[in-house]
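Engineer: Need a 3D model of the sequence below.
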Amino acid sequence: MEASKYSDHELVTQFIDGEQSSFEILIKRHKDKVYTYIYLMVKNSQLAEDIFQETFIKVIKSLHEGRYQDNGKFISWVVRIAHNLIIDYFRKEKQMKTFSCDEHEKLLNNSTRFSDITIEDSLIQDQITSDVRKMIDYLPEEQKEVIIMRHYLDLSFKEIAEQTNVSINTSLGRMRYALINLRKIMEEKNISLTYK
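Structural biologist: All right, here's what the predicted structure looks like:
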(Lines give C-alpha, C1' and ligand atoms only; values in the text may rest on other atoms or scores of the structure.)
Protein backbone atom coordinates (compact mmCIF):
# COMPACT_ATOMS: atom_id res chain seq x y z
CA MET A 1 0.00 0.00 0.00
CA GLU A 2 1.50 3.31 -1.05
CA ALA A 3 0.89 5.74 1.81
CA SER A 4 0.87 8.99 -0.15
CA LYS A 5 -1.98 7.82 -2.37
CA TYR A 6 -4.51 7.83 0.45
CA SER A 7 -6.02 10.67 2.46
CA ASP A 8 -6.39 10.42 6.25
CA HIS A 9 -10.12 9.83 5.72
CA GLU A 10 -9.48 6.90 3.36
CA LEU A 11 -6.94 5.37 5.74
CA VAL A 12 -9.32 5.72 8.70
CA THR A 13 -12.11 4.06 6.70
CA GLN A 14 -9.78 1.23 5.64
CA PHE A 15 -8.66 0.72 9.26
CA ILE A 16 -12.26 0.59 10.52
CA ASP A 17 -12.94 -1.97 7.77
CA GLY A 18 -10.15 -4.17 9.17
CA GLU A 19 -7.03 -3.06 7.27
CA GLN A 20 -4.48 -2.81 10.13
CA SER A 21 -1.66 -1.49 7.93
CA SER A 22 -3.72 1.65 7.23
CA PHE A 23 -3.39 2.69 10.87
CA GLU A 24 0.37 2.15 10.76
CA ILE A 25 0.50 4.59 7.84
CA LEU A 26 -1.54 7.14 9.82
CA ILE A 27 0.83 6.84 12.78
CA LYS A 28 3.91 7.24 10.57
CA ARG A 29 2.33 10.23 8.84
CA HIS A 30 1.48 12.11 12.04
CA LYS A 31 3.79 10.79 14.76
CA ASP A 32 6.28 13.68 14.59
CA LYS A 33 3.65 16.37 15.08
CA VAL A 34 1.81 14.51 17.82
CA TYR A 35 4.95 13.52 19.73
CA THR A 36 6.44 17.03 19.39
CA TYR A 37 3.27 18.61 20.76
CA ILE A 38 3.22 16.24 23.74
CA TYR A 39 6.95 16.69 24.41
CA LEU A 40 6.77 20.48 24.23
CA MET A 41 3.99 20.41 26.80
CA VAL A 42 5.49 17.91 29.27
CA LYS A 43 9.25 18.32 28.60
CA ASN A 44 10.06 14.77 29.60
CA SER A 45 10.84 12.21 26.90
CA GLN A 46 9.69 9.13 28.85
CA LEU A 47 6.43 10.79 29.87
CA ALA A 48 5.93 12.08 26.31
CA GLU A 49 6.42 8.55 24.96
CA ASP A 50 3.89 7.16 27.46
CA ILE A 51 1.28 9.79 26.60
CA PHE A 52 1.99 9.34 22.87
CA GLN A 53 1.26 5.60 23.15
CA GLU A 54 -1.80 6.22 25.30
CA THR A 55 -3.05 8.74 22.73
CA PHE A 56 -2.96 6.23 19.89
CA ILE A 57 -4.49 3.49 22.05
CA LYS A 58 -7.36 5.88 22.71
CA VAL A 59 -7.55 6.78 19.01
CA ILE A 60 -7.86 3.09 18.06
CA LYS A 61 -10.53 2.51 20.72
CA SER A 62 -12.49 5.60 19.62
CA LEU A 63 -12.33 4.56 15.95
CA HIS A 64 -13.58 1.03 16.76
CA GLU A 65 -16.38 2.48 18.88
CA GLY A 66 -17.44 4.82 16.05
CA ARG A 67 -16.71 7.97 18.07
CA TYR A 68 -14.76 9.72 15.31
CA GLN A 69 -16.71 12.05 13.04
CA ASP A 70 -14.61 12.76 9.96
CA ASN A 71 -14.47 16.44 9.10
CA GLY A 72 -11.12 16.33 7.33
CA LYS A 73 -9.23 17.08 10.56
CA PHE A 74 -7.91 13.74 11.75
CA ILE A 75 -4.66 15.24 13.08
CA SER A 76 -6.55 17.94 15.02
CA TRP A 77 -8.70 15.25 16.61
CA VAL A 78 -5.61 13.20 17.58
CA VAL A 79 -3.88 16.28 19.06
CA ARG A 80 -7.06 17.03 21.02
CA ILE A 81 -6.94 13.54 22.53
CA ALA A 82 -3.26 14.03 23.40
CA HIS A 83 -4.04 17.46 24.88
CA ASN A 84 -6.76 15.98 27.12
CA LEU A 85 -4.45 13.18 28.27
CA ILE A 86 -1.76 15.75 29.18
CA ILE A 87 -4.30 17.73 31.22
CA ASP A 88 -5.48 14.51 32.90
CA TYR A 89 -1.90 13.62 33.79
CA PHE A 90 -1.16 16.97 35.39
CA ARG A 91 -4.47 17.00 37.21
CA LYS A 92 -3.64 13.61 38.69
CA GLU A 93 -0.21 14.81 39.67
CA LYS A 94 -1.67 18.09 40.99
CA GLN A 95 1.10 19.90 39.14
CA MET A 96 -0.73 21.90 36.50
CA LYS A 97 1.74 24.75 36.96
CA THR A 98 4.90 22.71 37.53
CA PHE A 99 6.86 21.55 34.51
CA SER A 100 10.41 20.23 34.54
CA CYS A 101 12.94 21.88 32.24
CA ASP A 102 15.05 19.58 30.09
CA GLU A 103 18.14 21.38 28.82
CA HIS A 104 18.82 18.77 26.18
CA GLU A 105 15.48 18.97 24.40
CA LYS A 106 15.49 19.00 20.62
CA LEU A 107 12.66 20.24 18.46
CA LEU A 108 11.76 18.34 15.34
CA ASN A 109 12.30 20.71 12.46
CA ASN A 110 11.36 19.50 9.00
CA SER A 111 12.12 22.76 7.24
CA THR A 112 14.00 22.35 3.95
CA ARG A 113 15.75 25.62 4.74
CA PHE A 114 18.03 23.72 7.12
CA SER A 115 18.59 20.56 5.06
CA ASP A 116 22.06 21.51 3.72
CA ILE A 117 23.52 23.59 6.52
CA THR A 118 27.02 23.52 7.96
CA ILE A 119 27.86 22.30 11.46
CA GLU A 120 28.29 25.93 12.56
CA ASP A 121 24.90 26.89 11.11
CA SER A 122 23.37 23.84 12.78
CA LEU A 123 24.83 24.85 16.18
CA ILE A 124 23.55 28.41 15.74
CA GLN A 125 20.09 27.13 14.80
CA ASP A 126 20.07 24.75 17.78
CA GLN A 127 20.98 27.68 20.07
CA ILE A 128 18.20 29.85 18.60
CA THR A 129 15.70 27.01 18.99
CA SER A 130 16.82 26.47 22.58
CA ASP A 131 16.59 30.21 23.36
CA VAL A 132 13.10 30.43 21.88
CA ARG A 133 11.92 27.39 23.85
CA LYS A 134 13.31 28.84 27.08
CA MET A 135 11.52 32.13 26.41
CA ILE A 136 8.25 30.32 25.65
CA ASP A 137 8.49 28.66 29.08
CA TYR A 138 8.19 32.11 30.71
CA LEU A 139 4.81 32.70 29.06
CA PRO A 140 1.50 32.08 30.81
CA GLU A 141 0.18 28.58 30.02
CA GLU A 142 -2.55 29.73 27.59
CA GLN A 143 -0.08 31.85 25.58
CA LYS A 144 2.52 29.07 25.53
CA GLU A 145 -0.10 26.64 24.25
CA VAL A 146 -1.18 28.87 21.34
CA ILE A 147 2.46 29.47 20.29
CA ILE A 148 3.19 25.73 20.29
CA MET A 149 0.02 24.87 18.39
CA ARG A 150 0.54 27.61 15.79
CA HIS A 151 4.29 27.45 15.17
CA TYR A 152 5.21 23.86 15.98
CA LEU A 153 2.04 22.08 14.85
CA ASP A 154 1.05 24.50 12.05
CA LEU A 155 -2.56 24.61 13.24
CA SER A 156 -4.76 27.45 12.01
CA PHE A 157 -6.28 29.85 14.54
CA LYS A 158 -9.65 28.24 13.83
CA GLU A 159 -8.20 24.82 14.73
CA ILE A 160 -6.50 26.27 17.83
CA ALA A 161 -9.81 27.77 18.91
CA GLU A 162 -11.53 24.40 18.47
CA GLN A 163 -8.76 22.54 20.32
CA THR A 164 -8.82 24.91 23.29
CA ASN A 165 -12.58 25.57 23.36
CA VAL A 166 -12.27 29.33 22.90
CA SER A 167 -13.27 31.77 20.16
CA ILE A 168 -10.95 32.56 17.26
CA ASN A 169 -10.63 36.11 18.62
CA THR A 170 -9.47 34.75 21.97
CA SER A 171 -6.83 32.54 20.34
CA LEU A 172 -5.66 35.49 18.20
CA GLY A 173 -5.52 37.65 21.33
CA ARG A 174 -3.47 35.05 23.17
CA MET A 175 -1.02 34.92 20.26
CA ARG A 176 -0.77 38.72 20.21
CA TYR A 177 -0.02 38.87 23.94
CA ALA A 178 2.40 35.94 23.64
CA LEU A 179 4.40 37.80 20.97
CA ILE A 180 4.37 41.02 23.01
CA ASN A 181 5.58 39.09 26.05
CA LEU A 182 8.28 37.30 24.05
CA ARG A 183 9.61 40.69 22.87
CA LYS A 184 9.68 41.90 26.48
CA ILE A 185 11.50 38.75 27.59
CA MET A 186 14.07 39.21 24.80
CA GLU A 187 14.69 42.79 25.92
CA GLU A 188 14.84 41.93 29.63
CA LYS A 189 17.23 39.02 29.10
CA ASN A 190 19.14 40.75 26.30
CA ILE A 191 18.60 37.86 23.88
CA SER A 192 19.31 38.39 20.19
CA LEU A 193 17.90 35.80 17.79
CA THR A 194 19.86 35.96 14.57
CA TYR A 195 20.51 33.42 11.88
CA LYS A 196 22.60 34.65 8.95
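Engineer: switch to C-alpha atoms for all contacts and neighbour counts from now on
Structural biologist: Will do.
Engineer: okay, now the domains of the chain?
Structural biologist: The chain breaks down into these domains under automatic domain parsing: 1-102, 106-196.
Engineer: okay if I get those domains as TSV plus mean pLDDT and mean neighbour count?
Structural biologist: Putting those into TSV (pLDDT from 0 to 100; neighbours: other C-alpha atoms under 10 Å) gives the following:
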stretch	mean pLDDT	mean neighbour count
domain 1-102	81	16
domain 106-196	72	15
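Engineer: For the helix ranked longest in the chain, name the packing helices and strands.
Structural biologist: Identified as the longest helix of the chain according to DSSP state H is helix 20-42. If you count contacts as 3 or more C-alpha pairs under 8 Å, 6 or more residues apart in numbering; DSSP states H and E, helix 20-42 packs onto helix 8-16, helix 45-64, helix 74-93.
Engineer: Let me know which of those helices is the nearest to residue 157.
Structural biologist: helix 74-93 (11.9 Å; C-alpha to C-alpha).
Engineer: Packing partners of the closest one?
Structural biologist: Judged by 3+ C-alpha pairs under 8 Å, 6+ apart, helix 74-93 is in contact with helix 20-42, helix 45-64, helix 157-164.
Engineer: at 10 Å what do you get?
Structural biologist: Applying 3 or more C-alpha pairs under 10 Å, 6 or more residues apart in numbering; DSSP states H and E, we find helix 74-93 packed against helix 8-16, helix 20-42, helix 45-64, helix 157-164.
Engineer: what's the angle from the shortest one to helix 74-93?
Structural biologist: Same thing as helix 157-164. Interaxial angle, helix 157-164 versus helix 74-93 (axes from the mean of the first three to the mean of the last three C-alpha atoms, to 10 degrees): 40 degrees.
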